[in-house]
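Colleague: sequence-free structure coming up:
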Ligand code: RUB
């Protein structure tokens, strides 16, 4: 059983990390919370679930998979007529989301692997389930590949990546983040994951991704982003920006060192934005698309069109009148 507060703490502390894992953990804990909740009154049930959802969404601001997963799990809660109906709905939708999320990673692996050629050297940054699934599937299908994996300061997610690649028996070179440009000419393809994809096809991912993509563009190396459809950010349709999480300075510099440097401020953004121009393709479970087609995914797969927002605006305006 996954408790909401415990799950939220784990997400904050990054014991649960990576956009896909965060989304599934949120869905799982909402499901378990709904199952255990013993209130009889439908309104009390709704408000308790809403509060739990808010606790989860507030943990990390960047990965849009988190609010998207919560939105999917809570869809229909307002229409439910009884507490039993509301509870069953949350449980059913959470299970369906978790299943479809795993299925999506599997589909992305199949589609992404097709874009990896026999003999390719691939560079990846951070630790993305979706990106690694493509690489591992290419290897599994018999293609001879080699990988460059970055260290990923300050939280060293690269260590998780090289363990996974090593386990799969894939030849891997482990490099510090600043060595990307030195090796980019040895690389045929960059594959990374995403925390969010905006309506104009920009990709938000681990800090350093935009530098990697910039080096790749300069060296004419293709960049593929592996992202499930629930990583696309609906609210960017109306111009909302993705919040870039800034994490504690202690992740970069220990307090005892920082104390001796009163004029120094540590900046520690966890993510950055890579513009669509530096991305050749986004591989989703619905197919491989050019980044410029992001709106289609938001509309067709997440069910948010520009009209939805107009409707919301109309309602808000009417209330205000
Ligand atoms: C993880 C990260 C990953 C994406 C995609 O950042 O940037 O590339 O979340 O991962 P953090 P996945 O470690 O700060 O959570 O494909 O597994 O969803």
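Modeller: Alright, I've got the coordinates. Computed from a predicted model, the values in this text were never measured in an experiment. Numbers count the residues shown, from 1 in each chain.

Colleague: Tell me which stretches of the stretch 151-300 of the chain form helices.
Modeller: Assigned by DSSP state H, counting those that start in this stretch, the stretch 151-300 of the chain shows helices spanning 157-167, 180-183, 209-218, 255-258, 294-300.

Colleague: can I get these in TSV with mean neighbour count, distance to the ligand and mean pLDDT?
Modeller: For the C-beta atoms, the positions are set from N, CA and C on the backbone; glycine is no exception. Formatted as TSV, the helices of the stretch 151-300 of the chain follow (neighbours: other CB atoms under 10 Å; distance: least, CB to the nearest ligand atom, whole Å; pLDDT from 0 to 100):
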stretch	mean neighbour count	distance to the ligand	mean pLDDT
helix 157-167	17	5	98
helix 180-183	16	15	98
helix 209-218	21	7	98
helix 255-258	11	22	98
helix 294-300	19	16	96
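
Colleague: List, one by one, the residues from the stretch 151-300 of the chain near the ligand.
Modeller: Proximity of the stretch 151-300 of the chain to the ligand (CB under 6 Å from any ligand atom) is limited to residues 157, 193-195, 205-206, 270.

Colleague: if you set the cut-off to 8 Å instead, what comes out?
Modeller: 152, 155, 157, 192-195, 205-206, 209, 226-228, 231, 245, 270-271 (CB under 8 Å from any ligand atom).

Colleague: for the stretch 1-150 of the chain, same thing?
Modeller: Within reach of the ligand by CB under 8 Å from any ligand atom, the stretch 1-150 of the chain has these residues: 14, 17-23, 60, 62-63, 65, 105, 125-132.

Colleague: Give me the neighbour count for residue 170.
Modeller: Look at residue 170: counted by other CB atoms under 10 Å, it has 21 neighbours.

Colleague: For the ligand, give me its nearest residue in the stretch 151-300 of the chain.
Modeller: Closest contact between the stretch 151-300 of the chain and the ligand, by CB to the nearest ligand atom, is at residue 193 (3.0 Å).

Colleague: Identify the residues contacting the residue nearest to that residue when sequence neighbours are not counted.
Modeller: Counting by CB to CB, 6 or more residues apart in numbering, the nearest residue to residue 193 once its immediate chain neighbours are dropped is residue 128, at 2.5 Å. Residue 128 makes contact with 18, 192-194, 205, 226 under the criterion CB atoms under 8 Å, 6 or more residues apart in numbering.

Colleague: Looking at these, which is nearest residue 70?
Modeller: Nearest to residue 70 among the contacts of residue 128: residue 18, at 16.8 Å, using CB to CB.

Colleague: Tell me if I'm right that that closest one and residue 132 touch.
Modeller: No - in this structure, residue 18 is not within contact of residue 132 by CB atoms under 8 Å, at 10.1 Å.

Colleague: quick one: which of the two has more around it?
Modeller: Using other CB under 10 Å as the criterion, residue 18 and residue 132 rank with residue 132 on top: 25 against 22.

Colleague: confidence score at the more buried one?
Modeller: You'll see residue 132 listed with a pLDDT of 99.

Colleague: Show me what the helix or strand harbouring it packs onto, helices and strands only.
Modeller: Using DSSP states H and E, residue 132 sits in helix 129-140. Secondary-structure packing of helix 129-140 (3 or more CB pairs under 8 Å, 6 or more residues apart in numbering; DSSP states H and E): helix 19-36, helix 83-114, strand 121-124, helix 157-167, strand 189-192, strand 222-226.

Colleague: most tightly surrounded among the ones you listed?
Modeller: strand 189-192 (a mean of 26; mean count of other CB atoms under 10 Å).

Colleague: where does this structure have low pLDDT?
Modeller: 308, 310-321 (pLDDT under 70).

Colleague: please redo it, this time with the cut-off set to 50
Modeller: Low-confidence segments of the chain (pLDDT under 50): 315-321.

Colleague: Walk me through the domains of it.
Modeller: Domain ranges of the chain: 2-106+305-320, 109-301, per automatic domain parsing.

Colleague: before we move on, back to that, please work out how many residues are found near the residue of the stretch 151-300 of the chain closest to the ligand.
Modeller: Using other CB under 10 Å: residue 193 sits among 28 other residues.

Colleague: That one and residue 44, how far apart?
Modeller: Taking CB to CB, to the nearest Å as the criterion, residue 193 is separated from residue 44 by 39 Å.
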